[in-house]
Every structure is written in C-alpha cells, then in structure tokens.
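K.L.:
model this:
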Amino acid sequence: MQDTETKIGEEAVKEAVWQEKKRGISTIWIVPIVALVIGGWLFYQSSSQKGPTIDIIFKNATGIKADKTVIKYKDVEIGKVKEVNFGEELKTVRVTAELKRNMTPFLTEKTRFWVMQAKLGVGGVQGLDTLLSGVYIVMDPQKGKEKIRTFKGLDQIPVISAGDKGLTFLLEAENIGSLSVGSPIYYKRLRAGSIASYKLAPDGKNILIEVFIQSHFAKLINSKTRFYNVSGINVSMGADGMDVQTESLVSMLMGGLEFDNFTELGPGKPVSKDSRFTLFESKKKAKQLQYKREIYFWVYFDESIRGLSIGAPVEFRGMKIGEVVNFSLIGNADTAEFKIPILLKIEPERFTIIGNDTAKNTNQVNIPVFEKLIEKGFRAQLQTGNLITGELLIDLDLHPDAPKATAEQKHGYYIIPSVPATLASLKNNLQAILDRIAKIPFEDIGNELNGTIKEVHSSTLPKVNTAIDSIDRLVKETEKMMNAARRNYLDSNAEINKKMLKLLDEATNTTKSIKNLTDYLERHPESLIKGK
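P.N.:
Here you go, the predicted model:
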C-alpha cells in the first residue's frame, strides 16, 4: 500500500509540474522579447539600407570637416564625410566617407574624387556656391573591372567628366609655355576642346600634352591635322619680315591651342584615339610642309656674319630651299687667319632637278650635278633679309665671274664655295679704285697742265680771238640778209605773199571737203556699195 501511495504521490508531483509548464511563458518576458524583435528588425533595416564606406586619400584636407562635408554627383548629395585622419607617415590625409547604397556598383578603379572649391579658371568661376555652403567632394562615377574601396583624390578639377563625349589625343611639345590644364583648343575660332593634362616624356626631352576634343570636332582630325600654339600675341621678325598673330582674349591671357587641316598638306587618313601629333609654335610653322630628305653642306666665310642666326633661310634666287643649322669660329695658329664654317641643311624635296633620278630617294649628293654647278659659278653669299632688323640669310646663285673652284669634301659633307657679300664686294671694289687713284701722278699732271696754259695764253689765245672776230662779222652779215628776206615775205604787196595766201585757202577748202565726206560715210557706210 505504501509503495502504491508513493507512486501516486510522484505522479501527482510530475503532473503538477507538467501542468505548470503547459501554462506557457510568463507575461514578464513578453516586453523584452518584443523589444528584441523590433531592435533586430531595425538593425536589419539599417544594415540593408546603409551604403558602402570608402577612404579617399588627399594631399591636404583644406575645408573638409567630419559630419559636415558632403559628397555630390551632379549637385545631388550621395554621401557624407564621417572621419578625417592622417595617412601613412603624416604625408597625406585619409578621408573616410559613407555613400548611398546605389553608388556601390560604381566604386571601381576608374571612379574619381576631387574637392570642389571656388576657383577662377579659363572657363569662368568654378564652385562659386562653395563660398556660402563650404567645400564639398565631387564624385565622378564610372564602371570598371576592379572593385575598390580606397581612392586617390585628384589635386585639381579635371577637364573631362564621365558625361563628356569625345576623343583624347597626345601632343608633343618642346615646352609647356603658358599652357595649363583647362586651356582652350579651337577650330576656326570655335571652342573644340581643352587640355586635360600634361607630363614630362619618359626620355625627359619633350612634354606630352593630353588634349580632349569634343566628338563633333574629333571626326575632323586626321593624319595631316596640325596643332599649333595661339597663346598671347606672337610677334616675330626675321629675314622673312614681321609676322603678328593673335587669337581670342582668353587664349591671349591664359594660353590656348588651335588645330586645322591646311589645304597645302593634302588629304589625311583617319586616326584613332590617343594618336600623337607634334605641337607647332605658330600657325605659320604649322602650314609649312615637312620634308623627309635632308642634305648637309659646309660654307666658309671670311667676313662678319653679324645678323645671321640658326634657322635663317637658305635661298636660291629667292626660293627657300633650306636653313642654317649651325656655325662656329675657327682660327689657324700658324697663319693667324680665321674662318667661319656654317652648316647648311638643304631639303631637295623643295625643288626638282630633271634627270636627277640617281639620288631621287636618298640623302646623297649627286656628284656630277654638283660639280657642274660649281663649274658654272654656283656660290653662297650673305645677303640682308630684313633692312629693319639686319637679319641675314644665305643666298645661293650662279656667279659666272667668280673665281674658279672645285667640289671639295670635309668632315663628311661637301663644301659650297662662297663669294663676298654685296656690301663687302663693293667695299673691296671701292678700295681697289682708291688704290688706283692713289697711283695717279697728280703733281706731274699739274706741272704739264700749267705749261699748256701758259702756251695757250702766249700763242693760241690771240689766234682764237682773231677767229672769233671773223665769226662775229659773218653772223652780223647773215642777220642782215635774214631781216631783208623777212621784210619781203611779210610785205602784203609782194607777189609771193599773194600766192601763199591763195594756196592756204585752197588747202583749207580741200580739208573741209574731206571732213564732210568722212562725216557722211560714218552716217551712211552703205553708200560705199550702193552709191550716194
């Protein structure tokens, strides 16, 4: 009985416990559970709506403030700066920002960031609104291949943005001059693009300038297109005269370029993106044809070459066929003589020599032709190209009277013989004349002249006086005869006068008749055929 009662008691306890559990969770836990669920939901909502966090590395943080500076794209706020710290070794500034979620696909290696602040540029004032609202960071989103979260901020506002359509090209120049990023590029005085960037070439000899040309202008560029500088006012004076070139006020003050397709250069072939062109100093040089063949010669002068400069033209009968490359001064210690060797560059494609097929496509001198020219007096001469500036040029021409010369070669180049300049030749001729005049024995001539004058006074002069008296008497007799003839002719009673008057009347009548006939024929030319 006792065991049965014990079991009944245990079962009662178990049943009581089971019934207690069956009643459910106590109401005291309902509020924490609901709060936990709501918090989890809010956390999920916040996490799902939160955008990516990125880092932007700048050289400095001028105007950037945490929780205040915003990030914009097309003037729409897309993020905010959360933290500003130093980068590695305090050399840079790391800006941590949070973007909106829809910007995640554009966080690639091509996306760019820069700080927008008030700045006066070639296109006007940029970022004027930052004077009131403060600086902000601009995002230029672009899709790429690599997803990144750390970006290097640009030091300056870029010229090309994601929405711009066009092509980029490379220009090679000796120096950057007054050009800068954003300088305009024109085509027939219409703005066609801008300078995007520039850097030193790998070899350190030239500057590579990246230019952006708008799409509707980019299709005009071909292999013969020439880019040239139109910055400031270009004034040049040389042997060719004075040349003044100006462009727009913006390019005059802040630099600019222009490109054109000159008719003289002929049609060109299509080019692709990033094609390279040479940047010319001026429009005049851009229009000049480029020649591949070059032949070099030496010319030696003994006279002064003041006014001659490197690049001075070399002409043949007024036509430019080359230019001066270099010159120096060489003295001989034994003879104490000085010569000035001048290196000339002749471009044979500037002219045509009929029958010169042997050296048509080479840079070699046609020796038979050159020897024949030297034999005929082919010489080089200094001449004044500009009377105002005194600029000299080298003129090549045939001088048949020049001293004989032969074709010689020195240091690998043939020598063109020279003749003195016109002024120097005139000076030499004048000196020769003066030397000859100095040799005339003026004293002996004076003594002989004095003796001749004395002889004239003593013997010849009286005879001359007698002859003059005879001539005087003859003149007077002739005058008397002429006066008598004149009186006879003018006498109205003289018979000859009557005949002359009658003859004059008949001549007058005849002239009137001829005039009347001529007038009638002019009015009635048909009378020559039909009769009057």
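K.L.:
which regions of the stretch 251-400 of the chain lie under the pLDDT threshold?
P.N.:
For the stretch 251-400 of the chain, the stretches with pLDDT under 70 are 251-254, 355-362.
K.L.:
swap the cut-off to 80 and go again
P.N.:
The model of the stretch 251-400 of the chain has pLDDT under 80 over residues 251-255, 289-290, 292, 352-363, 386-390.
K.L.:
For it, which segments count as helices?
P.N.:
Ranges of helices in the stretch 251-400 of the chain, per DSSP state H, counting those that start in this stretch, are 283-287, 367-375.
K.L.:
before we move on, what about the stretch 101-250 of the chain?
P.N.:
With DSSP H, counting those that start in this stretch as the definition, the stretch 101-250 of the chain shows helices at residue ranges 130-133, 215-218, 249-254.
K.L.:
that older thread, Arg350: which of the helices of the stretch 251-400 of the chain is closest?
P.N.:
Nearest of the helices of the stretch 251-400 of the chain to Arg350, taken as Cβ to Cβ: helix 283-287 at 14.6 Å. In short, each C-beta sits where N, CA and C put it, glycine included.
K.L.:
Give the buried residues for the closest one.
P.N.:
The neighbour-count check on helix 283-287 (16 or more other Cβ atoms under 10 Å) flags 283, 286 as buried.
K.L.:
now for it, which elements pack on it?
P.N.:
On a contact count with 3 or more Cβ pairs under 8 Å, 6 or more residues apart in numbering; DSSP states H and E, helix 283-287 meets strand 226-229, strand 241-245, strand 257-260.
K.L.:
at 10 Å what do you get?
P.N.:
In this structure, helix 283-287 packs against strand 226-229, strand 234-238, strand 241-245, strand 257-260, strand 276-280, with contacts taken as 3 or more Cβ pairs under 10 Å, 6 or more residues apart in numbering; DSSP states H and E.
K.L.:
Kindly check the end-to-end length of stretch 265-278 for me.
P.N.:
15 Å (Cα to Cα, to the nearest Å).
K.L.:
ditto for stretch 344-352
P.N.:
End-to-end distance for stretch 344-352: 19 Å, by Cα to Cα.
K.L.:
Residues contacting it, please?
P.N.:
Outside stretch 344-352, the residues within contact range by Cβ atoms under 10 Å, 6 or more residues apart in numbering are 289-299, 311-312, 314, 316, 319-327, 356, 359-360, 362-363, 365-366, 380, 394, 396, 413, 416.
K.L.:
Go again with 8 Å.
P.N.:
Residues from elsewhere that reach stretch 344-352, judged by Cβ atoms under 8 Å, 6 or more residues apart in numbering: 289, 291-299, 314, 316, 319-325, 359, 380, 394, 416.
K.L.:
for stretch 339-347, which positions count as buried?
P.N.:
By neighbour count with 16+ other Cβ under 10 Å, stretch 339-347 contains the buried residues 340-347.
K.L.:
Which single one of the residues you listed is nearest to Asp444?
P.N.:
Nearest member of the buried residues of stretch 339-347 to Asp444, counting by Cβ to Cβ, is Ile340, at 45.2 Å.
K.L.:
Just give the number of residues close to the nearest residue to the closest one once chain neighbours are set aside.
P.N.:
Distances taken as Cβ to Cβ, 6 or more residues apart in numbering place Phe301 nearest to Ile340, at 4.8 Å, with adjacent residues excluded. When neighbours are counted by other Cβ atoms under 10 Å, Phe301 registers 21.
K.L.:
List the residues that contact Phe301.
P.N.:
Taking Cβ under 8 Å, 6+ apart, we find Phe301 in contact with 339-340, 342, 382, 418.
K.L.:
before we move on, back to that, next step: the contacts of stretch 344-352 restricted to strands.
P.N.:
If you go by DSSP state E, those have 295-299, 314, 316, 319-325, 380, 394 in strands.
K.L.:
are any of these buried, and which?
P.N.:
Using 16+ other Cβ under 10 Å, the buried ones in the ones in strands among the contacts of stretch 344-352 are 295-299, 314, 316, 320-325, 380, 394.
K.L.:
Pick out the most distant pair among those.
P.N.:
The farthest-apart pair in these, when distances are taken by Cβ to Cβ, is Trp298 and Lys320, at 19.4 Å.
K.L.:
where do the strands sit along the stretch 101-250 of the chain?
P.N.:
When assigned using DSSP state E, counting those that start in this stretch, the strands of the stretch 101-250 of the chain occupy the ranges 112-116, 119-121, 124-126, 136-140, 150-152, 166-173, 184-187, 190-200, 207-214, 226-229, 234-238, 241-245.
K.L.:
So what touches the fourth one?
P.N.:
When contacts are defined by Cβ under 8 Å, 6+ apart, strand 136-140 is touched by residues 56, 64, 69-73, 78-79, 81, 95, 97, 99, 103, 111-116, 130, 153, 157-158, 161-162.
K.L.:
For the buried ones among the residues you listed, write the corresponding ChimeraX selection.
P.N.:
Burial among these is assessed by 16+ other Cβ under 10 Å; the matching ChimeraX selection reads:
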select :56,64,69,70,71,73,78,79,81,95,97,99,103,111,112,113,114,115,116,130,153,157,158
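K.L.:
Show me the domain layout of this protein.
P.N.:
Domain ranges of the chain: 51-152, 166-287, 295-422, per automatic domain parsing.
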